[in-house]
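J.: sequence plus predicted model, see below.
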Amino acid sequence: LTEGRPRLTDLIAAEGARAGDVLALAAAAEAQAEHPVGRAIVEAAMAEGDAPLNADSFVATPGAGVAARVAGRDVLVGSAGHLAAHGVAAEPLIGALDRLASEAKTAVLVAIDGRAAGVIAVADPLKASAVEGLARLRGLGLKVAMVSGDNAHTANAVARGLELDEVRARTEAGFKVALA
């Protein structure tokens, strides 16, 4: 349904954090990740002219986020649950996270040195042919479903206007492969 190339759309720094630091450190943490959101963050930092920093350590938790040590700083990028699992309260940024999800954007939280530092959102534009292709499938009498790794707010926002019969959100990659 989408182009498969998410792009950074929003970067919101928490009070006391610098947007440039949030992006550069998140990009360094995501540089080893295989997720398209991580790639979009790295590409955005490179487009800003930030020389990629190297992570001294890196741990990915599938479906939750990444943790890295970058230039002597502890960096987390991921869901509110991922930050909470590391003892970081994300409450000051939850409103922004929810707003971005309602706009069909995939938003992740960034924490630096144990404090919520920002929200980064990416979006993957719909393919121009998606609406027409879905109409053809419905014309054949088929039910059309979307299976997404995004949260329900984001998945439903993407599906809005596509007249889908079913939307499954927060689906792990392994399950999506099993459906194929």
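T.: Done, it's in.

J.: which residue is nearest the middle of this protein?
T.: The chain has Thr106 as the residue nearest its centroid, 4.1 Å off, counting by Cα atoms, centre = their mean.

J.: quick check: it touching Ser148?
T.: No - here Thr106 does not reach Ser148: they are 9.3 Å apart, not a contact under Cβ atoms under 8 Å. All C-beta spots, glycine's among them, are computed from the backbone N, C-alpha and C.

J.: intersection of neighbour lists for those two?
T.: Common neighbours of Thr106 and Ser148 are listed as Thr154 (criterion: Cβ atoms under 8 Å, 6 or more residues apart in numbering).

J.: thinking again about what came up before, who does the residue nearest to the centre of the chain bridge with?
T.: On the basis of DSSP bridges, Thr106 is bridged to Val122.

J.: how near is it to Ala68?
T.: For Thr106, the distance to Ala68 equals 19 Å [Cβ to Cβ, to the nearest Å].

J.: try Ala152
T.: Taken as Cβ to Cβ, the span from Ala152 to Ala68 is 28 Å.

J.: these two - which one has more neighbours?
T.: Taking other Cβ atoms under 10 Å, Ala152 and Ala68 do not tie; Ala68 has more neighbours (25 against 13).

J.: from memory the more buried one sits against Ala27, does it?
T.: No - between Ala68 and Ala27 there is no contact under Cβ under 8 Å: 10.4 Å.

J.: in contact with the residue nearest to the centre of the chain, which residues?
T.: Thr106 is in contact with 6, 37, 121-124, 150, 154, counting by Cβ under 8 Å, 6+ apart.
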